[in-house]
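Enquirer: got a predicted structure here, sequence first:
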Amino acid sequence: SCSASTPSPGGFLWFAFFTFAVASQAPPPPQNVQVEKGQLTWTPGEPDVTYTVNYRRFNSDKWEALPACIQTPFHSCNISAVGPRDTNDSPENSCVTLRVRAERRGLRSEGVNACSRYGDVCTPPLSILTRPGSLTVFLNDDHELAKEHANNAKHRIYFGREGESPLQKYEDTIDSRTIEDLEEGQRYCVQVAYTVHGDLVEPRSCIQCEVIPASEHVNRTPMIVGLLVGIVVLAIIILTLGYLGFFQTEKIKRCLEPHKYEIPPNLFRGEFEVRPFTPIVERYDDLQISHGNYEPRSALSPPAAAS
């Protein structure tokens, strides 16, 4: 017969210890906490966890719980109930910092501040351009806070390598900024927030990360070799022309003179001998008619005197 094996007491102890250890740990914080158009969303960590949303108004240290989102099992919250202060109608007074905590059996995780992926009155729009060795953060200096506070409204840039948490403050600036001397092939991250008179306005922009591209190392050896060959050939041509110009001027002039052609002597005497031509005075007779008679008279003889 087969008998069921009985678990050892040690197994129960290990299981009980593991369960206690898990139950005594705070749940992991939520991820990807983002706000857009009055809706706050996040990615849950573990099951059996509830979430609480807190908010803090601009230039205040007091955190308040949002009544509709206290220990909620959902992964989103409508924050439209958080309105601006009534004491001042400045645009920054409608901005709040939002934070989400995870909770399980009375244990709470660290709070994660929300970011905004799209720009609005409280969050600056952000775009990045990378080049070999540098990264440019493009910012808009014509926004609502700048219209209200002029140069007292700035952008605060947070910057660092991917994986660095939190990103470190880099610079407060009014307009776009280029960050130089970055390592090629490495991934860097940027986050931007507004400031008014040095006080931080939230939500910040969501973190954006980009890889710094490598320089295009072009093989310039053929180009350099061709250039050197061209220089050598040009130098040879110049030296040759100089030598001919300074030392061979007379010879060049003689070569350029027109050639005098002489008739060669007759090599075939007898058959094709060329003899000089001497004109011969032709003789002819003059006919004189006298009384019906013809008397020839030499053209070379003078006429007879009349008797």
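Expert: In hand now; what should we look at?

Enquirer: for the stretch 101-250 of the chain, just list every one of the helices.
Expert: Read by DSSP state H, counting those that start in this stretch, the stretch 101-250 of the chain holds these helices, from start to end of the chain: 144-149, 221-247, 249-256.

Enquirer: between the ones you listed, which one is closest to Pro132.
Expert: Evaluated over these, closeness to Pro132 peaks at helix 221-247, with 20.2 Å, by C-beta to C-beta. Placement of C-beta: from N, CA and C, glycine included.

Enquirer: and the closest one, what's buried?
Expert: Neighbour-count burial for helix 221-247, counted by 16 or more other C-beta atoms under 10 Å, picks out no residue.

Enquirer: ok, Ile207 - how many residues close by?
Expert: The local packing of Ile207 (other C-beta atoms under 10 Å) involves 17 other residues.

Enquirer: can you put the helices of the stretch 101-250 of the chain in a markdown table and add distance to Glu110 and mean pLDDT?
Expert: Supplementary listing: the helices of the stretch 101-250 of the chain in a markdown table, determined by distance: least, C-beta to C-beta, whole Å; pLDDT from 0 to 100:
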| stretch | distance to Glu110 | mean pLDDT |
| --- | --- | --- |
| helix 144-149 | 29 | 95 |
| helix 221-247 | 56 | 81 |
| helix 249-256 | 94 | 67 |
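
Enquirer: dump the ones you listed to a markdown table, plus distance to Val100.
Expert: Formatted as a markdown table, the entries for the helices of the stretch 101-250 of the chain read as follows, by distance: least, C-beta to C-beta, whole Å:
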| stretch | distance to Val100 |
| --- | --- |
| helix 144-149 | 25 |
| helix 221-247 | 58 |
| helix 249-256 | 95 |
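
Enquirer: right, and the ones you listed - which one's nearest Lys169?
Expert: With respect to Lys169, and counting by C-beta to C-beta, the nearest of the helices of the stretch 101-250 of the chain is helix 144-149 at 18.5 Å.

Enquirer: give the rounded mean pLDDT of stretch 97-107.
Expert: For stretch 97-107, the per-residue pLDDT values average out at 95.

Enquirer: before we move on, what about stretch 205-217?
Expert: Mean predicted lDDT for stretch 205-217 stands at 91.

Enquirer: buried ones in it?
Expert: Buried positions in stretch 205-217, judged by neighbour count with 16+ other C-beta under 10 Å: Ser205, Cys206, Ile207, Ile212.

Enquirer: residues in contact with the last one?
Expert: Spelled out, that is Ile212. Residues touching Ile212, when contacts are defined by C-beta atoms under 8 Å, 6 or more residues apart in numbering, comprise 130-135, 182-188.

Enquirer: below-threshold pLDDT in the stretch 1-150 of the chain: ranges please.
Expert: Low-confidence regions of the stretch 1-150 of the chain, defined here as pLDDT under 70, cover residues 1-24, 84-88.

Enquirer: please enumerate the strands of it.
Expert: Ranges of strands in the stretch 1-150 of the chain, per DSSP state E, counting those that start in this stretch, are 31-36, 39-43, 50-57, 64-65, 76-78, 96-104, 107-108, 112-113, 115-116, 127-131, 134-138.

Enquirer: report the buried members of the contacts of Ile212.
Expert: Neighbour counting over the contacts of Ile212 (16+ other C-beta under 10 Å) leaves Thr130, Leu135, Leu182, Tyr188 as the buried ones.

Enquirer: quick one: these as JSON lines, columns for distance to Phe159 too.
Expert: As requested, those are exported to JSON lines (distance: C-beta to C-beta, whole Å):
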{"residue": "Thr130", "distance to Phe159": "13"}
{"residue": "Leu135", "distance to Phe159": "8"}
{"residue": "Leu182", "distance to Phe159": "10"}
{"residue": "Tyr188", "distance to Phe159": "7"}
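
Enquirer: which one of these is nearest to Gly45?
Expert: Of all those, Tyr188 has the smallest distance to Gly45: 27.0 Å, by C-beta to C-beta.

Enquirer: for the closest one, what are its contacts?
Expert: The contact partners of Tyr188, taken as C-beta under 8 Å, 6+ apart, are Leu135, Phe159, Gly160, Arg161, Glu162, Ile179, Leu182, Cys209, Glu210, Ile212.
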